[in-house]
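[1] quick one: sequence and predicted model below, then my questions.
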Amino acid sequence: MRWTILLLGLLAAAVLAALLVGRYPLRVKDIASFLLAATGLKEMPKDAYDLLYNVIVQIRLPRVLAAVLVGAALATSGGAYQAVFRNPLVSPELMGVLAGGAFGAAVGILVSGDWLVVQVMAFAMGVVAVAVAVAIANLAGGASIIMLVLGGVISGTLFTALLSAAKFVADPSNKLPAIEYWLMGSLSLGDINVIGKVVLPMTLGIVALASLGRALDALSMGDDEARSLGVPVTIVRYSVIAVATLISAATVSLAGMVGWVGLIIPHVARLAIGPGNVRLLPASACLGAIFLLATDSVSRTLYNVEIPIGILTALFGVPVFLLVVRRARKGWL
């Protein structure tokens, strides 16, 4: 219970800090005054109210919500993948989700350029990439863990090659820069209407993965042991892969390619609270949201221009992962 309160408190503080920082810095007093004015409990000059509404509601709030959703979804899906494959080096990239989503986004940019089309294509191709991985695993003689990993590697390689082909035929003066910018990841394109459409399914996906914590703990002991405990191994494994895939693909449609979150955050959570997935997955969701909120705040305040968030997650993720590796033991950390 204490770690739950602590993580929720840290998440609330991170959300507040993300709303305060930016090119137009705010104070806690400004947000409190705006909320009181918005609820009719306090009078505020119209110019001041309109300015705060524009900064808080129209500019920063969509980014904050997108950061929370993307960070929580990637971290939870990463922790779930690591549990179902019994491998601490697994991340959402394993099954080709991000490669497929990147290819879909590139195709959307090439054929339309409308960001709604790009987002839909990114989500759809992320799902297709995992379907291809599972199909390869079944064609190769059964969807065991090893064959699923192999299928994911092949699928990821295939869609990475298709992405390279899309970049090769893209207009170098217009389409190619848009594709490259998308691949670097950004929350600047977060739209409150799009976020409103995905917040419920993504939240339900995160909750669904967290609710499977006990079954994933049983799977970590091996398939035979899990079956002896009454766990439907095949159903749980494919359910986790399906849900983790859907929410991972949704993150690509919202923010482009954001790497390392699904790999390092579950390790940090594991070091903090232990390997039990009942607590690990909810903790990973909170820590992932906090990490991406902090990273996004740095990306838009460090320089005069916004740094793509995918660059910063990699720069921050590498040293963190090296620190985790130093404490690694055989099996789980």
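    Arrived safely, thanks for sending. Numbering: from 1, shown residues only.

[2] which other residues reach stretch 26-33?
    For stretch 26-33, the external contacting residues (Cβ atoms under 8 Å, 6 or more residues apart in numbering) are 16, 19-20, 42, 44, 52, 55-56. No exception for glycine: its C-beta is placed from N, CA and C like everyone else's.

[3] let's go with 6 Å and repeat that
    Residues from elsewhere that reach stretch 26-33 (Cβ atoms under 6 Å, 6 or more residues apart in numbering): residue 20.

[4] show me which positions of that stretch end up buried.
    Going by neighbour count (16 or more other Cβ atoms under 10 Å), the buried part of stretch 26-33 is 26, 30-31, 33.

[5] just the ones of those residues in helices?
    30-31, 33 (DSSP state H).

[6] any idea which of those is closest to residue 318?
    Closest approach to residue 318 among those (Cβ to Cβ): residue 31, at 34.4 Å.

[7] quick one: the closest one from residue 90, how far?
    Residue 31 is 39 Å from residue 90, where distance means Cβ to Cβ, to the nearest Å.

[8] just checking, what packs against the strand or helix carrying residue 4?
    Using DSSP states H and E, residue 4 sits within helix 2-20. Counting contacts by 3 or more Cβ pairs under 6 Å, 6 or more residues apart in numbering; DSSP states H and E, helix 2-20 is packed against helix 277-299.

[9] now do the helix it packs on and helix 2-20, the angle between them.
    Angular relation of helix 277-299 and helix 2-20 on a 0 to 180 degree scale: 20 degrees, by axes from the mean of the first three to the mean of the last three Cα atoms, to 10 degrees.

[10] which residues are contacting the helix or strand that contains residue 121?
    Per DSSP H and E: residue 121 is located in helix 115-139. Applying Cβ under 6 Å, 6+ apart, the set of residues contacting helix 115-139 from outside is 95-97, 100-101, 103-105, 107-109, 143, 147-148, 151-152, 154-155, 159, 245, 249-250, 252-253.

[11] swap the cut-off to 7 Å and go again
    Helix 115-139 has contacts (Cβ atoms under 7 Å, 6 or more residues apart in numbering) with 95-97, 99-101, 103-105, 107-109, 143, 147-148, 150-152, 154-155, 158-159, 189, 194, 241, 245-246, 248-250, 252-253.

[12] just the helices in the stretch 151-300 of the chain please.
    Assigned by DSSP state H, counting those that start in this stretch, the helices in the stretch 151-300 of the chain fall at 175-184, 192-211, 213-219, 223-228, 233-255, 261-273, 277-299.

[13] pull the residues that contact the fourth one.
    Pointing back at helix 223-228 there. So helix 223-228 is contacted by 218-219, 233 (Cβ under 7 Å, 6+ apart).

[14] neighbour-wise, which one of those residues leads?
    residue 219 (25 neighbours; other Cβ atoms under 10 Å).

[15] about what we covered before: for the buried residues of stretch 26-33, give me CSV that also has pLDDT.
    Formatted as CSV, the buried residues of stretch 26-33 follow (pLDDT from 0 to 100):
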residue, pLDDT
26, 92
30, 91
31, 92
33, 91
